[in-house]
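> here are the coordinates; sequence isn't available:
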């Protein structure tokens, strides 16, 4: 099957459902689908209850904000945390937190004590659990299946979310209409029982101790440093902001659209959300065929234009049956955008920072959604639902066409570790926390090759910074201009040893391009300088 030049989707090497042959993955996958169904049921109940408690568009939008804002605030710390604590215990703890939150919602609904403030606050707590859950669950998937089936396992996780999106809202709306919010929240509590039972059944082997394991602060800084230095990641994040900020209007205002504009009840609202999930499943199935004809930029443009068209069409107050069909189409367009962006992020991130990079993407994704939801809620307060839907649709379409020149990265570089750096020469053992460390590489470059050398070595700068350097530079010897020194600094000896493990095959290719300009008889000279703490001169009293 042909692929577009900017498509980052992997070609499957085995059956799409082959990871389900592994019992641990199958059990945890099924339990996670059940847990997500419960979460969507809870969200339907909360989204509908707020319309009973207040008809204000901004109050309705605040539920969306409360659910997504914690992911914006905590995704990066959660990604770091998943790398430095026992993931099995963390997952169980998160499930217990989410189950407790839904149990409180159930009791408050049962006793008619729910208020807007309590609903928003408990939705925020649920968002905290979701923020901790996302990167941690993604991190354990490689432990559950062989490496050759990892990509299929990731695809199955996406499919599972959309199965839950198709079933959960419809089931939640049905329960809500028939039995009330308390029963709907209770069903969500029951779903977490099954998830915790599956995690307790999983006998996760203890991980080996890594003497270079990062601490929270260092890992946090390393993730941010990588993101700051990666121009490819910047492009993906900007595209994500522009899409999700505009597309969030339909999600923030859909409860009011269903109730006030389309005249539906709780069951109809659940059907609308279920239609989105069903459309997403269909979209996931046909997306590989679309990739045969469109590259990633074309898919993103199509997703934005379809989302804008559905948003504008809802402003025309269609019949309920037609609105359901529109939401089916919206679901297909919606799954195309995050799947494409997520696949691009996966393609440009090396394994050592994948969790943190994905967490940064989730932060931007949810931050844009939260800010967009709040914005469109305020706009609807000012100009009304109909006008807001039209403005949001027009803005999304115009921005999507304007950013076509800001192409998504191809993600074709080989980011597997190259291990081509020699072990650093040391006279005595060096403590891991000693630093800063200055690394110098001395080249001899003929003057006629200097311009080409500087152009090549400039490509090393972002690579050094991404892998751990907090400063980088290039200098010449004043007495011998053919002697050029590349230098960079890392915060500790341990961080430099981690650099040795992080450098990739793509980085090795750049290094080889630079080294070919070296005209010395031997290889470029590499030195490591450890920081020293100067001692002040002793104080001497001036006696007269």
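Sure, I can see it. Keep in mind that this is a model prediction, so the values were computed, not measured.
> wait, residue 105 sits on residue 125?
No. Using CB atoms under 8 Å, residue 105 is not in contact with residue 125; the gap is 9.7 Å. For glycine as for every other residue, the C-beta is placed from the backbone atoms N, C-alpha and C.
> quick one, which of these two is more surrounded?
residue 105 (28 against 18; other CB atoms under 10 Å).
> need the contact list for the more buried one.
42, 45, 46, 114, 119, 122, 181, 185 (CB atoms under 8 Å, 6 or more residues apart in numbering).
> Distance of the last one relative to residue 105?
Spelled out, that is residue 185. Using CB to CB, to the nearest Å, we find residue 185 at a distance of 5 Å from residue 105.
> With the third one instead?
Between residue 46 and residue 105 the distance is 7 Å, computed by CB to CB.
> Quick check: neighbours shared by residue 185 and residue 105?
42, 45.
> between residue 46 and residue 105, what contacts are shared?
By CB under 8 Å, 6+ apart, the residues touching both residue 46 and residue 105 are residue 119.
> Which parts of the stretch 401-544 of the chain are strands?
437-444, 471-476, 483-490, 525-530 (DSSP state E, counting those that start in this stretch).
> any chance of those in TSV, with mean pLDDT and mean neighbour count too?
Listed next are the strands of the stretch 401-544 of the chain as TSV, based on pLDDT from 0 to 100; neighbours: other CB atoms under 10 Å:
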stretch	mean pLDDT	mean neighbour count
strand 437-444	94	19
strand 471-476	94	14
strand 483-490	94	20
strand 525-530	92	14
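> Can you report how many residues neighbour residue 58?
17.
> OK, contacts around it?
374, 377, 378, 380, 381.
> run the last query once more with 7 Å
377, 378, 381 (CB atoms under 7 Å, 6 or more residues apart in numbering).
> cool, and residue 128?
70, 74.
> Give me the distance between it and residue 421.
From residue 128 to residue 421 the distance is 40 Å (CB to CB).
> Tell me if I am right that residue 82 is in a helix.
Yes. Per DSSP: H, G, I helix; E, B strand; the rest coil, residue 82 lies within a helix segment.
> could we number from 42 for the rest of this?
With 42 as the first residue, the last one maps to residue 123.
> what's near enough to touch residue 434?
349, 352, 353.
> count of residues packed around the second one?
Residue 352 is flanked by 27 other residues according to other CB under 10 Å.
> Can you classify it as helix, strand or coil?
Recorded secondary structure, residue 352: helix (three-state DSSP).
> Could I get the contacting residues of residue 232?
Taking CB under 7 Å, 6+ apart, we find residue 232 in contact with 75, 76, 78, 79.
> what do you get if the cut-off is 6 Å, keeping everything else the same?
By CB atoms under 6 Å, 6 or more residues apart in numbering, the contact list for residue 232 reads 75, 76, 79.
> The first one: helix or strand, and which one exactly?
Element membership of residue 75 [criterion: DSSP states H and E] is helix 64-94.
> If we go by neighbour counts, what in stretch 338-353 is buried?
Going by neighbour count (16 or more other CB atoms under 10 Å), the buried part of stretch 338-353 is 338-353.
> Residues in contact with it: which ones?
Residues from elsewhere that reach stretch 338-353 (CB under 6 Å, 6+ apart): 47, 284, 288, 291, 367, 370-371, 374, 377-378, 381, 430-431, 433-434, 437-438, 441, 448-449.
> In helices, which of those residues fall?
284, 288, 291, 367, 370-371, 374, 377-378, 381, 430-431, 433-434, 437-438, 441 (DSSP state H).
> now the residues you listed: which count as buried?
284, 288, 291, 367, 370-371, 374, 377-378, 381, 430-431, 433-434, 437-438, 441.
> Hmm, residue 515 and residue 524 touching each other?
No. Counting by CB atoms under 6 Å, residue 515 is not a contact partner of residue 524; they are 11.8 Å apart.
> can you pull out the strands in the stretch 142-291 of the chain?
In the stretch 142-291 of the chain, no segments count as strands under DSSP E, counting those that start in this stretch.
> in it, which spans are helices?
157-185, 191-220, 222-242, 257-270, 272-297 (DSSP state H, counting those that start in this stretch).
> Pull the residues that contact the shortest one.
When you say that, I think you mean helix 257-270. Taking CB under 6 Å, 6+ apart as the rule, helix 257-270 contacts 121, 125, 274, 394, 397, 401, 503, 506, 507.
> Tabulate the residues you listed (a markdown table), appending neighbour count.
Below are the contacts of helix 257-270 laid out as a markdown table (neighbours: other CB atoms under 10 Å):
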| residue | neighbour count |
| --- | --- |
| 121 | 25 |
| 125 | 14 |
| 274 | 23 |
| 394 | 25 |
| 397 | 26 |
| 401 | 24 |
| 503 | 18 |
| 506 | 18 |
| 507 | 22 |
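> Let me know the average pLDDT across stretch 351-369.
Average pLDDT, stretch 351-369: 92.
> With stretch 149-169 instead?
Rounded mean pLDDT across stretch 149-169 is 89.
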